[in-house]
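Colleague: model the following, please.
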Amino acid sequence: MTHAEILKKVEWKDLRSLSIRELLIENNLTIPWAIISWVLAYYGYYIFALPFSAFFFLTGLRQVHNGFHNSLGTNKFLTWFTLYSNSVLMMVSIHAVKFNHIRHHKYCLNEEDYEGKSAAMTWYGAILYGPIHIFLIHKVTLQLGNKNYVRNVLVELASISLFLFVIFYFHIYFLIYHSLVMIIGEFLMAFFAVWTVHHDTHDSPEFARTQREKWKNKITFSMFYHLEHHLFPAVPTIKLPELSKRIDQALPEIEKKSTF
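Modeller: The predicted model follows:
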């Protein structure tokens, strides 16, 4: 069954729009996790801050991922600002990530898909590849991206550098902690954001892995509905649970490989 045939069989276009409540959730999901982790780190409780930092990183990924596909329900400037501000807080040029992610959808798991390189590796190979992955997505964007992408990447990298200079110069320890945790998170992206959802799917790259156990989707903020996302990238993350039900009803024959 082709992608075009799947699009015709599943009702999905109504899922693209967000209610006011959903819009507020998608655009503010990172805030409580950031505040709690920073307060705990400020008082030196770094171990207790760590899970909240992890949830900030995960919700930040969800937020920018929706921004990549214009699914935040905000205008162009606010979507740009979401990507820019998360670049500084997550220690990576999010526009570089966006450039490679859009290519990932277009060239999924072939030679032109630089984001997807780690999908063909072993799980430990994907972890070790992490730092190279982060370097590569910046390099590829600066080489292949248009002027807007290149400008945004350079602005974001300059802003990250300034942020790091300020927090180290003034010894702002809770933000130094935050930055180090975010860098570690970025180094694990090739494993968590690519390998987990795409390994052993090269025969049918459009059918990524998915997660259907409710409690697992709760703790991962629905970020592992990846089959659903690849088939319908315009659908916001908050609507993916409903989309998964519709896919199951309309196309029960589709194989659903589990993420974890």
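Colleague: what stretches of this protein score poorly on pLDDT?
Modeller: 1 (pLDDT under 70).
Colleague: quick check: phi and psi at the residue sitting nearest the centre point of it.
Modeller: Residue closest to the average C-alpha location in the chain (CA atoms, centre = their mean): L61, at 3.6 Å. L61 has phi and psi values of phi -60, psi -40 when expressed as degrees, to the nearest 10.
Colleague: residue contacts, it?
Modeller: For L61, the contact set (CB atoms under 8 Å, 6 or more residues apart in numbering) comprises A193, M223. Just so you know, the C-beta spots here come from the backbone N, C-alpha and C atoms, and that holds for glycine as well.
Colleague: same deal with L23?
Modeller: L72, G73, T74.
Colleague: am I right that it falls within a strand?
Modeller: No - the assignment for L23 by DSSP: H, G, I helix; E, B strand; the rest coil gives helix, which leaves it out of any strand.
Colleague: look up how far F77 lies from it.
Modeller: According to CB to CB, to the nearest Å, L23 and F77 sit 15 Å apart.
Colleague: could you list the buried residues of stretch 205-220?
Modeller: P205, F207, A208, R209, T210, Q211, R212, N217, T220 (16 or more other CB atoms under 10 Å).
Colleague: what's the closest non-adjacent residue to the third one?
Modeller: When you say that, I think you mean A208. H226 (4.1 Å; CB to CB, 6 or more residues apart in numbering).
Colleague: same deal with S179?
Modeller: M91 (5.8 Å).
Colleague: and that neighbour, what is it in contact with?
Modeller: Per CB under 8 Å, 6+ apart, neighbours of M91: I160, S179, M182, I183, E186.
Colleague: and if we set it to 10 Å?
Modeller: 57, 134, 160, 163-164, 178-187 (CB atoms under 10 Å, 6 or more residues apart in numbering).
Colleague: of the residues you listed, buried ones?
Modeller: Applying 16+ other CB under 10 Å to the contacts of M91 flags F57, I134, I160, F163, L164, H178, S179, V181, M182, G185, E186, F187 as buried.
Colleague: what's the most distant pair in those residues?
Modeller: F163 and F187 (18.4 Å; CB to CB).
Colleague: with adjacent residues omitted, what lies nearest to Y225?
Modeller: L240 (3.9 Å).
Colleague: can I get the buried ones among the contacts of M91 in a markdown table including distance to W195?
Modeller: Listed next are those as a markdown table, based on distance: CB to CB, whole Å:
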| residue | distance to W195 |
| --- | --- |
| F57 | 17 |
| I134 | 14 |
| I160 | 25 |
| F163 | 29 |
| L164 | 28 |
| H178 | 25 |
| S179 | 25 |
| V181 | 21 |
| M182 | 20 |
| G185 | 15 |
| E186 | 15 |
| F187 | 13 |
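Colleague: same list (those) but as CSV, adding secondary structure and distance to P51.
Modeller: As requested, the buried ones among the contacts of M91 are exported to CSV (DSSP: H, G, I helix; E, B strand; the rest coil; distance: CB to CB, whole Å):
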residue, secondary structure, distance to P51
F57, helix, 11
I134, helix, 23
I160, helix, 24
F163, helix, 23
L164, helix, 24
H178, helix, 14
S179, helix, 17
V181, helix, 11
M182, helix, 14
G185, helix, 13
E186, helix, 18
F187, helix, 18
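Colleague: kind regards, and thank you for your time.
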